[in-house]
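J.: predicted structure and sequence below. I'll ask about it afterward.
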Amino acid sequence: MSAPPLYFDHAATTPLDPRVRAAMFASLDAAPGNPSATHAAGRAARERVEEARAEVGALLGAPAAAIVFTSGATEADNLAILGAGRARPGGHVVSLRTEHRAVLDACRRLEREGHRLTLLTPARDGRVDPAAIAAVLGPTTTLVSVMLVNNETGVIQDIAAIAAECRRRGVLLHVDAAQAAGRVPLDVSVLEADLVSLSAHKIHGPVGVGALYVRREPRPALQPLLVGGGQEGGLRPGTLPVHQLVGMGAAFRLARISGPAEAAALGLLRDRLWSALADLPGTYLNGHPTARAPHILNVSFEGVDGEALLAGLGGLIVASGAACGAESGEPSYVLRALGRDDALAQASLRFSLGRGQTAPEVDAAAAQVREVVLRLRSLAPA
Amino acid sequence: MSLQGYSAEVLDLLARAPGAGRPDGVGWVSGEAREPLTATHVRFHLQASAGRIAAARYEVRGCPHTIALAALAAAWLPGRAPAEVVLDVRALAARLQAPIGKLGRFLVVQEAIGAAALQLAGRPA
């Protein structure tokens, strides 16, 4: 029997941590109770929900009351952008071409609803100059949306500086932090963001649950996407999935306790992986060399076809471009926005590391990639 | 089909690439074709004997289906006259379970073979 493939796609989703699983099962095995109900079972369920909310808030240094549970980061992005935009019709929205589709598509929806949209292109290293954002802010600008950690390249944006520009002009700032939680510091008192999107399954929690941080003072006006109940302060109606929220709370608790040490270890593994690949001729690091999250490494390989590269790596589970965009077969729009040509954008691999990953796994992955790249190059016309 | 959506035959041909490589020696002619959008690049080398193709080799940069098709074509070409080297691209695509979107890349293989065959046909016997 051959060994199972090595998993290097933690930016797409992470395995459920056994401790999170245990907490979820304990919740599922508890007596049923709708957290909106006032009887004892309902109150017990509500208590579990509020504990989870406090854990999510704690990772951000935010009060529990600032956390609105959603079905995931995509819904949180939609609630933030569409909710804020629709509360201020006809405004101007600013974002980056390298944002996740959940942000870009929500921004484009606002554009169709009468907002003006400005999409900025970051520098070739993936970073945007806060001054470039400040330069496009005008009297009608209502919202800026910039992700903290890019899901393809791992590049970290200077959110605090962008927030300062937004605050100076009274513009709301939304930050998609789906890839940031547990990997980089995420203190909202430092970031000064008004809205922050979060996901559970990117940090070893369950799929299907996320949250939106909504600043308390001043609290931005948001229009809910759904109607039908008063849950989550009226922003996200629907019966709360208690076991999912308990799982998210447990995952965020683990991230708060062990996140800094894990991030440091992942950074060393990421650097080890890059060191093992960098001396291959025609190999390029995508994104800023230092301002990047510890768990993501994006590399392009000259002279190979990206699809053949991925198919040749049978022993690795790794993304070619963004997992969300891979179905299109198009080269990564993020890498193209950073100036990579179609061939290099297509011949890219995103390695993303996670809890429990080891140096021998990294070494084995690097050896396999080197072998396949060299072999494909040997087939290609000179 | 594999988890990545390739047939066992495609994965096998991708792994082995039988007949690939630049030939040594004299008496070979070459033809090549490119498709810039996907950076597909194929070069075929043919050798003739008594008016028929005696041997075929190829170099290829392309997707797994393109590499697999080049390998199949290299095995199919020997024994054929240069004028007979039109691949049944649709049938081969079906055999390799390639999506319809790959047909354009398959035509790059055909074009490279055709360019090499044209040179072969123009040579004195």
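T.: Arrived safely.
J.: quick one, helices of the stretch 151-300 of chain A?
T.: Under the criterion DSSP state H, counting those that start in this stretch, helices of the stretch 151-300 of chain A are mapped to A:159-169, A:188-191, A:242-277.
J.: I meant to write chain B there.
T.: Using DSSP state H, the helices of chain B run over B:8-16, B:64-76, B:89-95, B:103-121.
J.: the shortest one close to chain A?
T.: Which is helix B:89-95. No. Using Cβ under 8 Å from any Cβ of the partner chain, helix B:89-95 never reaches chain A; the gap is at least 15.6 Å. C-beta coordinates here come from the backbone N, C-alpha and C atoms, glycine included.
J.: the residue nearest the centre of chain B: what's it in contact with?
T.: The residue lying closest to the centre of chain B (Cα atoms, centre = their mean) is B:Ala70, at 3.1 Å. Shown in contact with B:Ala70 (Cβ atoms under 8 Å, 6 or more residues apart in numbering or on different chains): B:20, B:42, B:44, B:58, B:60, B:62, B:109.
J.: okay, it: pLDDT?
T.: B:Ala70 carries a pLDDT value of 97.
J.: run a quick neighbour tally on residue 117.
T.: Picked chain A for this. Neighbour count for A:Leu117, taken as other Cβ atoms under 10 Å in any protein chain shown: 16.
J.: I was after chain B.
T.: Counted with other Cβ under 10 Å, the neighbours of B:Ala117 add up to 25.
J.: dump the residue contacts of B:Trp28.
T.: Applying Cβ under 8 Å, 6+ apart to B:Trp28 gives the contacts B:45-47, B:57.
J.: oh, that last question was meant for A:Val318, not what I typed.
T.: A:8-9, A:310, A:349-351, A:365.
J.: how about it, nearest residue that isn't a chain neighbour?
T.: Nearest residue to A:Val318 in three dimensions, chain neighbours excluded: A:Phe8, at 4.5 Å (Cβ to Cβ, 6 or more residues apart in numbering or on different chains).
J.: which residues sit in contact with the closest residue to chain B within the stretch 101-250 of chain A?
T.: Nearest to chain B, among the residues of the stretch 101-250 of chain A, is A:Val207, at 19.0 Å (Cβ to the nearest Cβ). For A:Val207, the contact set (Cβ under 8 Å, 6+ apart) comprises A:13, A:72, A:200-201.
J.: state the distance from it to A:Gly356.
T.: A:Val207 is 19 Å from A:Gly356, where distance means Cβ to Cβ, to the nearest Å.
J.: next: A:Leu316.
T.: Distance from A:Leu316 to A:Gly356, counting by Cβ to Cβ: 16 Å.
J.: so where's chain B uncertain?
T.: Across chain B, the ranges flagged by pLDDT under 70 are B:1-4, B:123-125.
J.: so which residues on it come close to chain A?
T.: Residues of chain B lying close to chain A (Cβ under 8 Å from any Cβ) are B:2, B:4, B:6, B:11, B:14-15, B:17, B:20-22, B:32, B:37-43, B:59-64, B:66-67, B:101.
J.: what residues are up against the nearest residue to A:Met147 once chain neighbours are set aside?
T.: Excluding its sequence neighbours, the residue lying closest to A:Met147 (Cβ to Cβ, 6+ apart) is A:Asp176, at 4.0 Å. Each residue near A:Asp176 by Cβ under 8 Å, 6+ apart is listed here: A:73, A:76-77, A:99-100, A:102-103, A:145-148, A:196-197.
J.: among the contacts of A:Val318, which ones are in strands?
T.: Judged by DSSP state E, the contacts of A:Val318 include A:8, A:349-351 as members of strands.
J.: ok, A:Glu307 - contacts?
T.: A:320, A:346, B:63-64.
J.: now, among those, which is nearest to A:Leu117?
T.: A:Gln346 (27.3 Å; Cβ to Cβ).
J.: what's the local residue count around the closest one?
T.: Close neighbours of A:Gln346, defined as other Cβ under 10 Å, add up to 26.
J.: noted, bye for now.
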